[in-house]
Structures are given as C-alpha cells and as structure tokens.
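Novice: here is a sequence with its predicted model. Questions after.
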There are 2 protein chains.
Amino acid sequence: MSNNSIPKYAVGIDLGGTSTKFGIVDREGNILFQDRIPTASEKPVDFFIQELYNKLQPMIDKMGGIKEFIGIGMGAPNGNLYTGNIEYAANLHWKGIVPIAHLLTEKFGLKASLTNDANAAAMGELMYGAAKGMKHFITITLGTGVGSGIVIDGKMVVGNDGFAGELGHTIVRHNGRLHKLTGSRGCLEVYASATGVRQTAIEFLESHKGKESLLRNFKEEEITSETVYDCALKGDEIAKKVFDFTGEILGEALANFVMFSSPQAIILFGGLTKAGSYIMNPTKEAMEKNLYQVFKNKVQLVFSNLKESDAAILGASALVM
Amino acid sequence: MSNNSIPKYAVGIDLGGTSTKFGIVDREGNILFQDRIPTASEKPVDFFIQELYNKLQPMIDKMGGIKEFIGIGMGAPNGNLYTGNIEYAANLHWKGIVPIAHLLTEKFGLKASLTNDANAAAMGELMYGAAKGMKHFITITLGTGVGSGIVIDGKMVVGNDGFAGELGHTIVRHNGRLHKLTGSRGCLEVYASATGVRQTAIEFLESHKGKESLLRNFKEEEITSETVYDCALKGDEIAKKVFDFTGEILGEALANFVMFSSPQAIILFGGLTKAGSYIMNPTKEAMEKNLYQVFKNKVQLVFSNLKESDAAILGASALVM
C-alpha cells in the first residue's frame, strides 16, 4: 500500500445492549477482520472506548494505519445521525447523552458517523441483503428488543431529529404489558422480542395451569425464546400458542407500518426469526388480515438472509463509505 | 391574455365522499373561482364527470380557455398518484378501479394528476398553511373519515404503490369497534372521525344509563359530533367524556406515527377540530404519555389554519403546477 493511495477501508461497529461487534470492511463490502467485546455499559464510556481501541487499533495498523481508512461508522441504540450522540438509550446503562462519535474521533483520529443500530442493519440489507435494489422497505429486528429501520424512496428515514423509526416502542395493546425500562404499556417490544416471548410463555404456563407442556420441564429462569422454539418443534401446544400470540401482535403492528409507508417488503431478522414458520405464519396471517384492501397481498414478508452481525457491521461501515 | 402566454392557471378538485369542491387557482395560490357539486357516487362516474364539466368548463372559458391552463389536479379517497386511478375507495360507491385522471383528460383536454385526498390537503398545508417551510410533518383529517398525509424530507410519502399514508385504517384497539365499510376491527377511523364521535356518544349514553346528560334531549339520529360539542360546551359530563375517550385513542395513535417518522408537527384539520380544546387537550396528553423518551415535548400538535376546502383545492392544483 502506498502513502498516496486513496483510503480503502472503513471500520463498521455494531454496538448492542450486551456485546459490540466490529470489523474492517473494504469498498466491495468484504469484512476482512471482525471481533467483539462486551458492551459493559455499566462502566464509564471511556472504559468502553479504550477496550474497543485495544482490539481495533491492531487491525487498523495491520491494514496500513489510519491513512488507509475513510472513517468509522457505528450503529447503536438511540444513535443520532445528526448529532453523533447516543441519547437516552433504554437498553444501555450510560445515562443521558453520550457523544460517542466525538469520542471515537478523538481516540482513533478518524472521522466517525453514528446512526441507530437498526438503521445500520437496514443499510446492510439495502446494499448486500434481501432489500438489494428496493426503494421502499422496513427492517424489523426481533432480538432482545425490537428495532426498526425504514427506507422510503431509497433513503433511510431519520426524521426531524434523527430518531425516526422506533417502531418497537409503538403501542400495540392499550394498557398492555409494562415495559420495565421505558415505563410504557403495551408496546411492540414487550411482546415481539425474545424477552417478550419468554414472558408470554411464563404467563401462558400460569394461565393454563391444568394443561401439560414440555415447558414445565424447565425452571422459570431457564425459559427463553429458544426453549419455547424447541418445545414447539416437538409439538408442544402451549409453545406453539406462544408463537401464535406473538405473531398475531407482530402482524397487526406490521399492517400498521405498511399503511404508513407502503413498502415493497418487510425484512425480519434477529434471534426470534430462528423460530421460522412458527413465527412467520401467524405474523403473515395477522398482517394480511389487518391490512386495508389496497395493501393486501402486495407486501413481501421475509427473513433476512444476512448474518445479523454482518448486516449491522456492513451497514455501519457504509455510513462513511 | 395572449395566445402566446405560458399557461397561468390550474384546476384544483377535492373529491370527497359527500361533495366535490373545485376551483381555479393561479400561480400565486389564489383561488379565483370555486364551487361544489354532490359527489353522487351511487351514479356512474360518467355522470359525475359530466356534472363537473357543466360547472367547471364555463369557469375555464372565462379565464381564456384550456390554453391558459396547465392542467387539473385532483385529490380523492384512495387516489393513486402513479396510476391516476381511484382504487377500491371504501367511502365511495364506485366499485373497483376508476380511471378518473384519464376521464378528466378525455373530457377537458387537459392533463390531469390525481393523489389521495389527504395528500392533497397536506400539500396545501406545505405551501400555504401551518406546515409552510417544514420538511417533516403529518396532516390528519378528522372528518367523516380519518385521512392522512405524510411529508418526510419535504416530499409527500406515497410509497411503493402510491397508497402510503392510510393512517385512518391503522389498528388502534385490538378486536375493537367494527368498521362497517372495510370489515376491520378497531381502526383509528371508527373512533376519531365525526362518525366515531357520534357512535361513542350513543354507546356512552347506553353504558351510563343512570347518568343525566343533555345529549338525552336528542333522538339518536340527531346526535352528531356537533351536538356532542355543543353539550360539552354547556358542561355536560358525558359529552366531555366522549372527547376524552376520542382524544385518548387519537393521541396514542399520533404517538405511534411520531415514532415512525419523527415529524416536526402534526396538523389536525376537518370537522372534529371545531371541538377545540375539548379534543386537543386529551389528544396532546395521550400523545405525550405514549411517546418514547427521545420524542417527548418535541412535536407541535396544532390545528390547521387553512379553510379545509381551500387546503385541498390548493394542494390538488399544486399537483400540476
């Protein structure tokens, strides 16, 4: 690599509630190196930046140093494209406003751009995934929480303040289940996340006391969306009901999103999509049922074909590419 | 007017479920003539086009004939910008697909553009009303039905198929009130329209049988959103509860819309806004209550300051200007 070459690489960082994944991406969208660290947001943000630096700087050096890099792109919960700040993220312990793009630039000497974690993943889908070539789509992450990225006319929707697309916080059941972190009641995230599926399973075991279920072989703290899926696979009625219930709510919410922006496709990704048709079928049915006539049987509802971490790293890197 | 002058005027038409308003608009946004006819969609659409022609052609002639006109813009329920068709409009008796833009061009010899009625009104707000200079806003019409127009980054959102922004049909109460025309349950339109307010009043009188109310002085068929407002003004408890109930649902729905596109403002117009603070206060309260932290206390919720028919005529004319 010569000193005169134009920068070839970007860093993509996917900051999640539990862990942070990052990689070096070239201009063709290949992830050349990748690694992860715990997000550990209970410690000061400077600690996090230092941990990231310890892992990432050797990768950067190996590729010829910062002169070979265009910059750093990051996706993070409540990441604001306009300000470069993470602001009041419910799933992180850092409180208030965290000027993370500024801190990255200070530490690495590279320009840094930030967006919402779900928006970063949507950019990954747009460039390399199921949404390639689409002008109108929505991505929904069904993970620990429920995130969303919205693309209209080929552009990411960030709205007036950079925070558009918080569809996990839309209210789907009036006075419904409490969201312990936000205090709201009945939002999509408390039902259609891995956490929500776990809670639904616990509630159903309680409300169907007389009914046998493979889920009763687990202690309450062992029940996860994976155990519910495993039991559904074995034909367990309550486990299947849990996904039917989740899909009914998710599908109704997706119908509402379709009636807002009329997308070509909704792309689902995240841990819950491992449940395959158990979650897809009731979701699709409820979506179609609740759509206004003109939207029926038009919108593709599909699972992402990108590895979750890849979509977010690629999308984040595209912020500076 | 010389034969060589560039066209100066456009026709703006606001086709509604009951009546159709239209006017001649100049390039400065002045409405020079306006009139209305009943929409009478129980008769064939050719009859409607002829009625429109009988009223409109003399106005066009008076302004120098079609050579002085850029074209005709129309806003209509389920009007599709891409195809120029009205498609499956629940509030009109014309069934299926009506190629209205084509019929207008055939009759008048002028190019014709069509959009959703609510989108037309939103364009009127953008150019001449409360949204002047805004890049991100949503207009909600609270009339016989509930319509919506969405602007993101200064552009009307029409989505993949031209039908985006049917927010009146989003589901706000799972398994709620039946929408007799669409068959859906619990959509915003069955609660936050004039029709919805009337039905809520009737239901509340029934469910509060022991409670006195000025509304009991009316026969059921006489109860309208206006009578409910009149009774609320006189301090009637049930009438006020009707608006509180309506505002709670509307505000929750608006919160969801804000979390989708993060607008600077939501502009309410239509008949129900005559109820002023009776509808505004509970709506604002419910909206703020249901917003995710990052959106709280940021979004202006205001009534339109344009005359309803003016906004739609101006916005429709802007389609061809």
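Specialist: Received it, and whenever you're ready, just let me know what you need. Being a predicted model, the structure only gives us computed values, none of them experimental.

Novice: need the contact list for the one residue in the stretch 101-250 of chain A that gets nearest to chain B.
Specialist: Distance from chain B to each residue of the stretch 101-250 of chain A (CB to the nearest CB) is smallest for A:Gly159, at 2.5 Å. C-betas here are computed from N, CA, C, even on glycine. Going by CB atoms under 8 Å, 6 or more residues apart in numbering or on different chains, A:Gly159 touches A:165, B:136, B:152, B:261-263.

Novice: just among the residues you listed, which is most surrounded?
Specialist: Comparing the contacts of A:Gly159 by number of neighbours (other CB atoms under 10 Å in any protein chain shown), B:Pro263 comes first, having 28 neighbours.

Novice: wait, a helix at A:Tyr53?
Specialist: Yes. When DSSP: H, G, I helix; E, B strand; the rest coil is applied, A:Tyr53 is found to be in a helix.

Novice: all helices for chain A, in order.
Specialist: Secondary structure of chain A (DSSP state H): helices located at A:45-62, A:100-108, A:117-128, A:189-192, A:194-207, A:225-233, A:237-261, A:277-290, A:308-318.

Novice: could those helices go into TSV alongside distance to chain B and mean pLDDT?
Specialist: Shown next, in TSV, are the helices of chain A (distance: least, CB to the nearest CB, whole Å; pLDDT from 0 to 100):
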stretch	distance to chain B	mean pLDDT
helix A:45-62	18	96
helix A:100-108	15	97
helix A:117-128	12	88
helix A:189-192	10	98
helix A:194-207	15	97
helix A:225-233	22	97
helix A:237-261	4	98
helix A:277-290	5	98
helix A:308-318	19	87
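
Novice: nearest to B:Leu92, of the ones you listed?
Specialist: Closest to B:Leu92 of those, according to CB to CB: helix A:237-261, at 18.7 Å.

Novice: between the contacts of A:Gly159, which is closest to B:Asn80?
Specialist: Distances from B:Asn80 to the contacts of A:Gly159, taken by CB to CB, are shortest for B:Ile152, at 19.0 Å.

Novice: I'd say that closest one and A:Ile152 touch.
Specialist: Yes. With contacts counted by CB atoms under 8 Å, B:Ile152 reaches A:Ile152, the gap being 6.2 Å.

Novice: what's the distance between the nearest residue to A:Leu142 once chain neighbours are set aside and B:Phe163?
Specialist: Excluding its sequence neighbours, the residue lying closest to A:Leu142 (CB to CB, 6 or more residues apart in numbering or on different chains) is A:Leu272, at 3.6 Å. Distance, A:Leu272 to B:Phe163, by CB to CB, to the nearest Å: 29 Å.

Novice: where in the stretch 1-150 of chain A is pLDDT low?
Specialist: Scanning the stretch 1-150 of chain A for pLDDT under 70 picks out A:1-5.

Novice: interface residues of it facing chain B?
Specialist: Residues of the stretch 1-150 of chain A lying near chain B by CB under 8 Å from any CB of the partner chain: A:78, A:87-88, A:90, A:135-136, A:150.

Novice: so which of these sit within strands?
Specialist: Using DSSP state E, the subset of the residues of the stretch 1-150 of chain A next to chain B located in strands is A:87, A:150.

Novice: just the buried subset of the residues of the stretch 1-150 of chain A next to chain B, please.
Specialist: A:78, A:87-88, A:90, A:136, A:150 (16 or more other CB atoms under 10 Å in any protein chain shown).

Novice: what's the most distant pair in those?
Specialist: Pairwise over these, using CB to CB, the maximum falls at A:Tyr88 and A:His136, 29.2 Å.

Novice: tell me the contacts of A:Asn160?
Specialist: Going by CB under 8 Å, 6+ apart, A:Asn160 touches B:135-136, B:262-264, B:298.

Novice: let's see that with 6 Å instead.
Specialist: B:136, B:262, B:264 (CB atoms under 6 Å, 6 or more residues apart in numbering or on different chains).

Novice: over to A:Lys284?
Specialist: Residues in contact with A:Lys284 (CB under 6 Å, 6+ apart) are A:Leu301.

Novice: repeat for A:Phe260
Specialist: Here A:Phe260 is in contact with B:Phe260 (CB under 6 Å, 6+ apart).

Novice: and of the buried ones among the residues of the stretch 1-150 of chain A next to chain B, the nearest to A:Ala232?
Specialist: Taking CB to CB as the measure, A:Ala232 lies nearest A:Ala90 of these, at 29.1 Å.

Novice: wait, doesn't the closest one sit right on A:Thr182?
Specialist: Yes. The criterion here is CB atoms under 6 Å, and A:Ala90 meets it with A:Thr182 at 5.3 Å.

Novice: first-to-last residue distance for stretch A:54-73?
Specialist: 18 Å (CA to CA, to the nearest Å).

Novice: not counting that stretch itself, show me its contacts.
Specialist: A:1, A:7-12, A:24, A:33, A:35, A:37, A:104, A:109-113, A:316-317, A:319-320.

Novice: what subset of these is buried?
Specialist: Looks like the contacts of stretch A:54-73 have A:7-12, A:24, A:33, A:37, A:104, A:110, A:112-113, A:316-317, A:319-320 buried, using 16+ other CB under 10 Å.

Novice: neighbours of A:Leu205, how many?
Specialist: The burial count for A:Leu205: 19, using other CB under 10 Å.

Novice: quick check: nearest residue in space to it, chain neighbours excluded?
Specialist: Using CB to CB, 6+ apart, the closest residue to A:Leu205 is A:Leu215 (5.9 Å).

Novice: contacting residues around that neighbour?
Specialist: A:201, A:205, A:231, A:238-239.
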